[in-house]
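Chemist: A structural model of the following input is requested.
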Amino acid sequence: MMPPPAPRPVRLARKTMPPWQLVPSLLAADFGRLAEEIAAAEAAGADRLQLDVMDGHFVPNLSMGPMVIAAVRRQTRLRLEAHLMVERPENWIAPAADAGADLIIVHQEATPHLERALELIQSRRLAAGVAINPATPAATLEQVLPYVRLVLAMTVNPGFGGQQFIAAVTGKIRALRRRLQAVNPACDIEVDGGIEAETLPLAAAAGANVFVAGTAIFAHSGGVAAGLAALRAALPRCARAPRRA
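Modeler: Reported below is the predicted structural model:
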C-alpha cells in the first residue's frame with residue numbers, strides 16, 4: 001500500500017501581516033435560535049463561523065458534529081471552520097468536509113501523524129489549520145508551519161466556553177509570527193478563548209490576526225451586531241483598513 005503524499009507547502013507571499021478577521025464561535029450561540037444567530041452574525045459582518053467539534057475524550061465535553069456543520073452550511077454563505085477537538089482527528093476530516101466545512105483545524109496534541117492529517121485535509125481541496133493548547137510549545141509545529149493556512153494558538157484550555165484569557169500565550173504568538181515571516185508569511189494566526197474587547201488588543205499586538213469569540217458576541221447585552229462592533233473597535237487602528245480580497 002502506497003503511503004499518502006506529504007502535505008503541500010503553501011505558496012509564499014510578501015512578508016506583510018495577513019488581513020484581520022473576526023470569527024464568531026457558534027458554541028456560544030443559542031441553539032434554539034441557531035438560524036437567527038447565524039443570520040445576525042452574517043449581517044453584522046462576520047468573516048466566517050467557527051464550529052467546535054468536541055468528542056468528550058480529547059476534551060471533557062461533547063458539542064456538535066457533522067450533522068450540525070451540514071445544518072449550518074444550509075443557513076449561510078459564510079465560510080465555515082471546523083475546529084476538531086477530538087482524538088484521532090483523521091477519522092473526522094472526511095465527515096467534516098462532506099458536511100460543508102471550508103477550513104479544518106486539527107490539534108497537534110491529538111495525533112502522532114500530524115502531517116498525514118494535514119494532507120488528508122488538503123486532499124479535499126480545503127484549507128488546513130493546526131491548533132496548539134496553551135502549554136504546548138510553539139516549536140512543536142516547526143515541521144508543519146510551511147504547509148498550513150492557519151495556526152490556532154489556544155488562549156484557554158479547550159473544552160468549554162466562557163473561560164479567562166491566558167495572557168502568557170502572547171509570548172508564543174510572537175514567536176510564531178516571527179517564524180512564519182520566514183517560512184509562510186501569508187499564514188494566519190488565530191486566537192480562541194477569552195477574546196473580548198479588553199483582551200483582543202493583547203493578542204493583536206503579539207501578532208494574531210484572526211480572533212474567535214463566542215460569549216463576547218452571542219451574549220453581548222446589545223446583541224450580536226453590537227458584540228462584533230465592540231471587537232472591531234478594539235482592533236489596532238492600523239488593522240482597521242479594508243481587508244484584502
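
Chemist: rest of the way, CA atoms for contacts and neighbours
Modeler: OK.

Chemist: shaky segments in this protein?
Modeler: Screening the chain residue by residue with the criterion pLDDT under 70, one finds the ranges 1-16, 159-162, 237-245.

Chemist: and the strands in it?
Modeler: When secondary structure is read from DSSP state E, the chain shows strands at 21-24, 48-54, 79-85, 103-107, 127-132, 150-154, 188-192, 210-213.

Chemist: including distance to I38 and mean neighbour count, could the ones you listed go into CSV?
Modeler: As requested, the strands of the chain are exported to CSV (distance: least, C-alpha to C-alpha, whole Å; neighbours: other C-alpha atoms under 10 Å):
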stretch, distance to I38, mean neighbour count
strand 21-24, 9, 23
strand 48-54, 8, 23
strand 79-85, 11, 23
strand 103-107, 18, 25
strand 127-132, 22, 25
strand 150-154, 22, 25
strand 188-192, 19, 26
strand 210-213, 14, 26
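
Chemist: CSV for those strands, including distance to L120?
Modeler: Shown next, in CSV, are the strands of the chain (distance: least, C-alpha to C-alpha, whole Å):
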stretch, distance to L120
strand 21-24, 24
strand 48-54, 18
strand 79-85, 14
strand 103-107, 10
strand 127-132, 9
strand 150-154, 16
strand 188-192, 20
strand 210-213, 24
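
Chemist: so which of these comes closest to A94?
Modeler: Nearest to A94 among the strands of the chain is strand 103-107 (10.1 Å), distances taken as C-alpha to C-alpha.

Chemist: parallel or antiparallel, list what pairs with the closest one.
Modeler: Taking DSSP bridges as the criterion, strand 103-107 sits next to strand 79-85 (parallel), strand 127-132 (parallel) in its sheet.

Chemist: using CSV, list the CA coordinates for the first one.
Modeler: Right, the one you point to is strand 79-85. Taking only C-alpha atoms (Å, rounded to 0.1, in the frame of the first residue of the first chain), the coordinates of strand 79-85 have been written out as CSV:
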residue,chain,number,x,y,z
ARG,A,79,-17.0,30.2,5.2
LEU,A,80,-17.1,27.6,7.9
GLU,A,81,-14.1,26.4,10.0
ALA,A,82,-14.4,23.1,11.9
HIS,A,83,-12.1,23.1,15.0
LEU,A,84,-11.7,19.4,15.7
MET,A,85,-11.1,18.9,19.4
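
Chemist: residues in contact with that strand?
Modeler: Around strand 79-85, the neighbours that count as contacts under C-alpha atoms under 8 Å, 6 or more residues apart in numbering are 47-55, 58-59, 69, 73, 92, 96, 100-107, 110, 158-159.

Chemist: mind redoing it with 7 Å?
Modeler: Strand 79-85 is contacted from outside by 48-55, 58-59, 101-107, using C-alpha atoms under 7 Å, 6 or more residues apart in numbering.

Chemist: would you format the strands paired with strand 103-107 as JSON lines with distance to D30 included?
Modeler: Formatted as JSON lines, the strands paired with strand 103-107 follow (distance: least, C-alpha to C-alpha, whole Å):
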{"stretch": "strand 79-85", "distance to D30": "18"}
{"stretch": "strand 127-132", "distance to D30": "26"}
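
Chemist: relative to D52, how far out is the residue nearest to E196 when sequence neighbours are not counted?
Modeler: In space, E196 comes closest to A216 once its chain neighbours are excluded; the distance is 5.5 Å by C-alpha to C-alpha, 6 or more residues apart in numbering. Using C-alpha to C-alpha, to the nearest Å, we find A216 at a distance of 16 Å from D52.

Chemist: please, where are all the helices along this protein?
Modeler: 34-43, 66-73, 90-99, 114-123, 169-183, 200-206, 215-218, 224-234 (DSSP state H).

Chemist: CSV for the ones you listed, including distance to L27 and mean neighbour count?
Modeler: What follows is the helices of the chain, written out as CSV (distance: least, C-alpha to C-alpha, whole Å; neighbours: other C-alpha under 10 Å):
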stretch, distance to L27, mean neighbour count
helix 34-43, 10, 17
helix 66-73, 11, 18
helix 90-99, 16, 18
helix 114-123, 23, 21
helix 169-183, 22, 18
helix 200-206, 19, 20
helix 215-218, 9, 25
helix 224-234, 14, 19
